[in-house]
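**Student:** need a 3D model of the following:
(one chain, ligands or ions: 2)
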Amino acid sequence: MCSNIWGELGVGSRSFFITSNLPGSWMVKLGSDGRGRGGGSRSNVGDHHHQGSSSIVVMANLVNDVVANLPVWDGTLKQTVQQLASQDTGSLIQQLGSTAISSFTELPNGERWKIVSGSAFGWFYLTARPGVLKGALDSYVLAPLQFLVDGALGRRNWKRTDFLVDERLGEGSFGTVYAGFVLPRKLATDQDDDEFGRRGRRIEEYNDYKSFDKVILKKVKVGVQGADECGEMEEWFNYRMCRAAPDTCAKYLGSFRADATRGQFTQGGKWLVWKYEGDSTLLDFMKQRNFPENLEMPLFGRTLKSKDQLQRHSLIIKQIMRQIISSLNKMHATGIVHRDVKPSNLVVTNKGKLKFIDFGAATDLRVGKNFVPERGMLDPDYCPPELYVLPEETPNPPPAPVAAALSPFIWQFNSPDLFDMYSAGVILLQMACSGLRTPIGLQLFKKEIAEVGYDLNKWRGITKVRTNFEVLDLDGGAGWNLVTKLICERGLLRRGRLSAAAALRHPYFLLGGDQAASVLSKLTLSR
Ligand SMILES: Nc1ncnc2c1ncn2[C@@H]1O[C@H](COP(=O)(O)OP(=O)(O)OP(=O)(O)O)[C@@H](O)[C@H]1O
Ligand SMILES: [Mg+2]
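**Tutor:** Ligands and ions are numbered 1, 2, ... in the order given. Below you'll find the predicted structure:
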C-alpha cells in the first residue's frame, strides 16, 4: 500500500493538502496564504491522534482551520463551531443533539408540524421505489467508482485479439450471440494478425482452448438502425444490475470495439462480453420430456426420493419460481423492469442458480430510457395485455435528472414492475402444464386467454390445450391461486396483479417451507 498519498481539497482560493505518512496518522496542512502552513492555526492532527481521537476529530480540526481562516464569518456561529470542534467526539455529538432538540421544541406548534411532515414526505420521496436517493448514489458515486476501479484493474481494456469466437448461440434483431474464450495473456498479442491474416484466429488452432476462460460474446450488428443505441443501453443495464443485484444476472465483463475486420469481427463494431454462466437455459430444460425432474440435481444437488412424484415436481417448480420472483423483486427494487422475462432468458448455472440475461429491452424510469419501446422488441408469448410498462399516452421521456425526480410518482401511479409479473405467471403455468410447453400450446393459450379477457379461471373451463393442473392444485390450490393473480389484467387502478414482493408473501411460497420440510422428512435423500 502506498504510504505517502497526497490529495488536494480545493476550498475557494485556498487549498488543503492532506498527507498520510503512516497508515492511520494524518497530517493536515493549510495552504496558499501562508497562515496555515507552519503557522499558528495549523493543526497537527498527529497530536490528537496520540490522544486516541478518531477521524471525526480530524474533521473537527479541519473545520476549525477553515473557520479560523475565513475572513467573513458570523461571530457567534464561528465561536460555536470552534467550541464544538474543540470538544471530544462524544460531547460534540451530545451537544449537537441537545441543541437541535431544544431548538426544535422551542418552535411554535405549526412550525414543528411543518418540519415533521416535510421530513416525512422527503424521506418517503427519496426512498420510495425506484429510490431517488439510491439512484443518485449509484449514478454519481458507485458508477464512477466502478469505472475507476475497473480501469485500474485493467477490466475495461479488452481488445479484439483477447478473444476466440466459438459457436453461434442466438440472434436477435440487434445482435448475434456467440460462445467464446479469453486467450491467456501470453497468447493474446496483436502480432498474431499477420500470422492469421483476414480470416482471424480459429479456435481449432489452439489444442488446449477448453482450459481457457469461457465467455459469451454479443456482437452488436453494424449498419442496423438503432443497434448501437441498443448495445449501449444493454451495457448500461448490465453494469447497473451487476452493481445493484449481482446474484440475479449473468456477470458482465465489459466491452470493446473491433480494431480491424478479421473473421467475425468488423472494424468499429461493438462487442459485449459476459461470463459464461452455464450450458443451458430454463427453456432447454423445459423442452426435454423429463422436465421438471431434469432440474432436480442442478437445483437440489441430489435426487429427492419420494413415492409421490407429483410432490417432487411441485417442489422443483416452486424452487424455480422462488428464484425467479426473488430476482425480480431485487431488480424491481432498483427501478429496473426487464420486459423480456422468458425461459430462454434465464441461464441455469452449474450450481443450480437461475440468472437473468438479455437486458436489451429493459427500462429504468430514472434514466428516462425506453419508456415506450418498439413493439418488435417484446415477445408476444410472454407480454402482458397492456404491452407497455407505461400507458402509451405517456409523454416522451424527459432528460435523465427530471425523469429521476419524477420516477417515484410514475412508479406509484403505474406500477411498471407488474409487466414482468405477467411473464413470470406464464412461466409458472408452462412449467406446471406440459401442454403449454410446446410452441403450438403456447400460441393457443395466447389466443384463448385474450378471448376470455385474461380471466384464467374462465380459460380453465374453455381451453382446448391438452393438459392437467394437478401440480397447481396441490395444497388447496395455492399454486393455481397464485397464477390467477399473475396472469390477469391490471384493472382500473393498474394494481390488479401481484408485485414480486407480494407474490413472495403468497401462501404458495409461505406454505412451501412447511410443505418442503414435511416432504423432505419423508424422503430418503441420495446423491
Ligand atoms: N452469460 C451467459 N452464459 C451462458 N449462456 C448465455 C449467456 N448469455 C447468453 N447465453 C446464451 O445465448 C443465448 C442468446 O443470448 P441473449 O438472449 O442474450 O441474446 P438474444 O440476441 O436476445 O437472443 P434471443 O432473441 O434468441 O433471446 C441464450 O439463450 C443463452 O443460450
Ligand atoms: Mg434472449
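**Student:** could you measure from the residue most central in space within the chain over to residue 249?
**Tutor:** In the chain, the residue lying closest to the centroid (Cα atoms, centre = their mean) is residue 241, at 2.4 Å. To residue 249, residue 241 is 5 Å away according to Cβ to Cβ, to the nearest Å. C-betas here are computed from N, CA, C, even on glycine.
**Student:** which of the helices or strands spans the residue nearest to the centre of the chain?
**Tutor:** In this assignment (DSSP states H and E), residue 241 forms part of helix 227-244.
**Student:** which is the next helix or strand following that helix?
**Tutor:** Immediately after helix 227-244, counting by DSSP H and E, sits strand 252-257.
**Student:** hmm, who's touching whichever helix or strand comes after that following strand?
**Tutor:** Counting by DSSP H and E, the next helix or strand C-terminal to strand 252-257 is strand 270-275. Residues from elsewhere that reach strand 270-275 (Cβ atoms under 8 Å, 6 or more residues apart in numbering): 158, 160, 163, 175, 180, 215-220, 228, 231, 234-235, 238, 250-258, 265, 357.
**Student:** quick check: residue 379 touching residue 342?
**Tutor:** Yes - in terms of Cβ atoms under 8 Å, residue 379 counts as a neighbour of residue 342; the distance is 5.7 Å.
**Student:** so which of the two has more stuff around it?
**Tutor:** More neighbours surround residue 342 than the other of residue 379 and residue 342, with 20 against 15 (other Cβ atoms under 10 Å).
**Student:** tell me, how many residues neighbour residue 112?
**Tutor:** 13.
**Student:** against ligand 1, how distant is the closest residue to it other than its chain neighbours?
**Tutor:** Using Cβ to Cβ, 6 or more residues apart in numbering and skipping the chain neighbours, the partner closest in space to residue 112 is residue 104 (6.7 Å). Distance of residue 104 to ligand 1, given as Cβ to the nearest ligand atom, to the nearest Å: 53 Å.
**Student:** can you name the next helix or strand after the host helix or strand of residue 104?
**Tutor:** Here residue 104, judged by DSSP H and E, is contained in helix 89-106. The helix or strand immediately downstream of helix 89-106 is helix 109-127, counting by DSSP H and E.
**Student:** helices and strands around the helix or strand following that following helix, which ones?
**Tutor:** Per DSSP H and E, helix 109-127 leads on to helix 132-137 as the next helix or strand towards the C-terminus. Contact partners of helix 132-137 among helices and strands, from 3 or more Cβ pairs under 8 Å, 6 or more residues apart in numbering; DSSP states H and E: helix 109-127, helix 400-414.
**Student:** show the subsequent helix or strand relative to helix 132-137.
**Tutor:** Immediately after helix 132-137, counting by DSSP H and E, sits helix 143-152.
**Student:** how far off centre is that next one?
**Tutor:** 17 Å (Cα atoms, centre = their mean, to the nearest Å).
**Student:** give me the neighbour count for the closest residue to ligand 2 within the stretch 401-527 of the chain.
**Tutor:** Nearest residue of the stretch 401-527 of the chain to ligand 2: residue 423, at 12.7 Å (Cβ to the ion). When neighbours are counted by other Cβ under 10 Å, residue 423 registers 26.
**Student:** hang on, it packs against residue 343?
**Tutor:** No - look at residue 423 against residue 343 with Cβ under 8 Å: they stay out of range, at 9.9 Å.
**Student:** I'd say residue 248 and residue 240 touch.
**Tutor:** No - here residue 248 does not reach residue 240: they are 11.7 Å apart, not a contact under Cβ under 8 Å.
**Student:** same drill for those two, tell me which one is more crowded.
**Tutor:** When residue 248 and residue 240 are compared for neighbours, residue 240 comes out ahead with 27 against 22, by other Cβ under 10 Å.
**Student:** residues touching that one, list them.
**Tutor:** 138, 143, 334, 336, 364.
**Student:** so the second one touches residue 242, yeah?
**Tutor:** To tie it back to what came earlier, the one meant is residue 143. No - the criterion here is Cβ under 8 Å, and residue 143 misses it with residue 242 at 11.0 Å.
**Student:** rewinding a little: the contacts of strand 270-275: which ones sit near ligand 1?
**Tutor:** Contacts with ligand 1 within the contacts of strand 270-275, as defined by Cβ under 6 Å from any ligand atom: 175, 216, 250, 357.
**Student:** quick check: the third one vs residue 242, distance?
**Tutor:** Computed with Cβ to Cβ, the distance linking residue 250 and residue 242 is 9 Å.
**Student:** more neighbours, these two?
**Tutor:** Higher neighbour count among residue 250 and residue 242: residue 250, with 23 against 18, using other Cβ under 10 Å.
**Student:** who's in contact with the more buried one?
**Tutor:** Counting by Cβ under 8 Å, 6+ apart, residue 250 has contacts 216, 274-275, 277, 347, 355-357.
**Student:** give me the residue from the stretch 351-500 of the chain nearest ligand 1.
**Tutor:** residue 358 (3.6 Å; Cβ to the nearest ligand atom).
**Student:** gap between the closest residue to residue 127 other than its chain neighbours and ligand 1?
**Tutor:** Nearest non-adjacent residue to residue 127, counting by Cβ to Cβ, 6+ apart: residue 133, 6.0 Å away. Plainly put, residue 133 is 31 Å away from ligand 1 if you go by Cβ to the nearest ligand atom.
**Student:** do the same with residue 185
**Tutor:** 22 Å.
**Student:** give me the neighbour count for that residue.
**Tutor:** 8.
**Student:** what's the answer for residue 385, then?
**Tutor:** 13.
**Student:** need the phi and psi values for it.
**Tutor:** Main-chain torsions, residue 385, degrees, to the nearest 10: phi -60, psi -30.
**Student:** name the nearest residue to it, sequence neighbours excluded.
**Tutor:** residue 454 (5.6 Å).
**Student:** pretty sure the one you found is in a strand, no?
**Tutor:** No - using DSSP: H, G, I helix; E, B strand; the rest coil, the secondary structure at residue 454 is coil, not a strand.
**Student:** contact partners for it?
**Tutor:** 385, 487-489.
**Student:** can you add distance to ligand 1 and secondary structure and give the residues you listed back as JSON lines?
**Tutor:** Formatted as JSON lines, the contacts of residue 454 follow (distance: Cβ to the nearest ligand atom, whole Å; DSSP: H, G, I helix; E, B strand; the rest coil):
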{"residue": "385", "distance to ligand 1": "22", "secondary structure": "coil"}
{"residue": "487", "distance to ligand 1": "22", "secondary structure": "coil"}
{"residue": "488", "distance to ligand 1": "26", "secondary structure": "coil"}
{"residue": "489", "distance to ligand 1": "27", "secondary structure": "coil"}
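**Student:** turn the buried ones among these into a named PyMOL selection, would you?
**Tutor:** A single PyMOL command selects the buried members of the contacts of residue 454 (16 or more other Cβ atoms under 10 Å):
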select buried, resi 487+488
